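>>> Okay, here's the prediction I keep looking at, along with the sequence it came from:
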Amino acid sequence: MIEFSNVSKQYPTGQLALYNVNLSMKAGEMAFLTGHSGAGKSTLLKLIAMLERPTQGEIIINGSAVNSIKNKHIPPFRRQIGMIFQNHHLLLDRTIFDNVALPLKITGLHHRDIRRRVHAALDKVSLLNKQKENPMMLSAGEQQRVGIARAVVNKPTIILADEPTGNLDPELAQDIMYTFRQFNELGATVLIASHDHGLIEHMQARTIVLQKIDN
Amino acid sequence: MSEHNSINPVSTSARKANTKNLQKSFMASWWAHVRAALGFSLKRLWFNPLSTWITLAAIAIALSLPTGLHLFLKNLQTLTDDHRQIPTVSLFLKKNITEQQAKDRAVLLTELNGIERVIFVSKENAFKKMSALIGFEESDLKALYGDETPLPHVLVVTPDLSLTGQMDGTIKDLTKKLRSYPEVESVQADIEWVKRLGDIISFAQRMGLVVWVLLLLTVLLVVGNTIRLDIENRKEEIDVTRFIGATRSYIRRPFLFGGLWYGLFGGIISLVIVHFSLLFLIPPIRKLSESYGSHFTLTGLDFSMTFYILLISSFLGIVGAWIAVERHLRKNEVVL
Ligand SMILES: Nc1ncnc2c1ncn2[C@@H]1O[C@H](COP(=O)(O)OP(=O)(O)O)[C@@H](O)[C@H]1O
Ligand SMILES: [Mg+2]
């Protein structure tokens, strides 16, 4: 469950990215977040993942108010969220397998289970044959898919994606969207920022529109 | 209530077994983590061999200075511990005292408290020793002085320092007492240089302490700074790992092991440096000690000292890394 009440975000530079946002998503819901470039889509997702803090208002994620989460509870909080970034943020000094395995390694899962789940996640994004390669040897689209595999490998309850299909050809973009729908059908709450209107229409899911504010 | 009683023992023991299993698997996965982090940090050390070697050299040099000083002091101390070097008090007897009288006095003195042993040196023996010392044939010297040697009989008294341990006061009292005997012409306590050496050693020990503190601090700073640079280089990795939900201790661990490796390897290299310096110093020292007629030999580092140095350097490596990581985590939010 995701709930925003009167949330504003002003960056230290003075840039007001979000103003008075109210939003409510039920657990297990799937929605698209749209709006012009600079409307604050990325900022909104970052607020949910606690990568940024709101300057005003209250955000409640899975029952806990993010403003009151203590430092030591941040790691477990973040484990229930899987996020796919515009810029994939893969670690270039290790293989695809190790990148996808990272969220499982930090939870201390057994090697055997790690391998099983990483293989399953890579299979979902059709990259099982590239698991031993370095992220730098992949195309932009493939890197994006590795990011998706890493985000979903530990079965988060919330999946956030920031323009996940930006670098993909239409067919692959569609595939990726169906993959998100599958995760949604398995019970995850999915919020995808995108400005690909055709694709959003095709997916027939709830759409949240952010208006750009001038200031 | 009573119905449940029959079930309870079973479920409790089942739960117990379950917790035990959980603990066991927790330990196993913890150990797997630690092993992975150890190996990874060891490999990581050689990603940038030049900077690693420079860090290790700085640590090793910083450590080898106080270690070398420690060895120097230890060897200086064995010099004074040497039994032949214990301060002695020489009693020069009056000219008219016969050999028999001198020997009797020697026996009486031996009975006294605080005296370990008394050696009688006859005037003839003393004469022989003197001629040997100045390099004259005894006969030549005799010709010079005539039959009557110019030397008196001497009693060489070795005080028992273990009784009081306080060498300064004891020897003064003893000298005073010995001087009061009628047979004694004069007393000479051969104590000054031992005292002086003791003073030098205690001064050097203090200086050593200062050197230890300063150079251990250097090790801490060197490791801390190296790990800080390492953290800067791996900022992206740290942020991604933090974002994915890693705990502080998970993020800290590879860096702590990095610090451990720096400290340990730096310590080992410092031991090698000290050892080779010692080998380098042995020939001149042997020559020097031979010219003094002493069989002084250099002592190297013993096992416990080696162990302590490695322990301290590893510990400092970990502490330096800890400080660097904590500072980073406290100061920096995750930026992605
Ligand atoms: N870290 C930042 N510091 C300052 N301003 C920022 C930062 N991130 C985004 N902004 C600004 O906030 C506004 C919203 O940006 P963003 O959330 O990235 O929009 P979108 O993802 O919809 O394009 C923009 O005007 C952008 O310039
Ligand atoms: Mg954006």
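Happy to help now that I have it. Small disclaimer: the values here were computed from a predicted structure and weren't measured. Ligands and ions are numbered 1, 2, ... in the order given.

>>> out of everything not next to it in sequence, what's closest to residue B:36?
The shortest distance from residue B:36 to any non-neighbouring residue, by CB to CB, 6 or more residues apart in numbering or on different chains, is to residue A:105 (7.9 Å). Backbone N, C-alpha and C define where each C-beta goes, glycine included.

>>> how much space between residue B:227 and residue B:248?
As judged by CB to CB, to the nearest Å, residue B:227 and residue B:248 stand 15 Å apart.

>>> Could you count how many residues lie near the residue in the stretch 101-250 of chain B that ligand 1 sits nearest to?
With CB to the nearest ligand atom as the measure, residue B:239 is the residue of the stretch 101-250 of chain B nearest to ligand 1, at 13.7 Å. Residue B:239 has 18 neighbouring residues, counting by other CB atoms under 10 Å in any protein chain shown.

>>> Pretty sure it sits against residue B:329.
No: taking CB atoms under 8 Å as the definition, residue B:239 is not a contact partner of residue B:329, at 10.8 Å.

>>> Would you double-check that residue A:98 falls in a strand?
No: counting by DSSP: H, G, I helix; E, B strand; the rest coil, residue A:98 is not part of a strand but helix.

>>> what's it in contact with, if anything?
Residues counted as contacts of residue A:98 (CB atoms under 8 Å, 6 or more residues apart in numbering or on different chains) are residue A:91.

>>> Okay, and the residue in the stretch 1-150 of chain B that chain A sits nearest to sits in which element?
Of all residues in the stretch 1-150 of chain B, residue B:29 sits closest to chain A, at 4.2 Å by CB to the nearest CB. According to DSSP states H and E, residue B:29 maps onto helix B:8-44.

>>> and what of residue A:33?
Going by DSSP H and E, residue A:33 is in strand A:30-35.

>>> who's in contact with that strand?
A:25, A:41, A:44-45, A:180-181, A:184, A:189-195, A:197, A:200, A:203, A:205-212.

>>> if we can go back for a sec, now the residue of the stretch 1-150 of chain B closest to chain A, nearest residue through space, not along the chain?
Residue B:29 sits nearest to residue A:108 (CB to CB, 6+ apart), 4.2 Å away.

>>> Distance from the lengthiest helix in chain A to the middle of the chain?
In chain A, assigned by DSSP state H, the helix with the most residues is helix A:170-185. Computed by CA atoms, centre = their mean, to the nearest Å, the chain-centroid distance of helix A:170-185 equals 13 Å.

>>> Could you list the low-confidence segments of chain A?
For chain A, applying pLDDT under 70 flags the ranges A:213-215.

>>> What parts of chain A come near ligand 1?
A:11, A:13, A:15, A:17, A:35, A:37, A:38, A:39, A:40, A:41, A:42, A:43 (CB under 6 Å from any ligand atom).

>>> of the contacts of strand A:30-35, buried ones?
Buried members of those, scored by 16 or more other CB atoms under 10 Å in any protein chain shown, are A:25, A:41, A:44-45, A:180, A:184, A:189-195, A:200, A:203, A:205, A:208, A:210.

>>> Could I get the full set of helices for the chain?
Using chain A here. A:41-48, A:74-79, A:96-105, A:111-124, A:140-152, A:170-185, A:197-203.

>>> should've been chain B
Using DSSP H, helices in chain B cover B:2-5, B:8-44, B:49-81, B:99-111, B:123-134, B:138-145, B:161-164, B:167-179, B:192-233, B:235-244, B:248-291, B:303-331.
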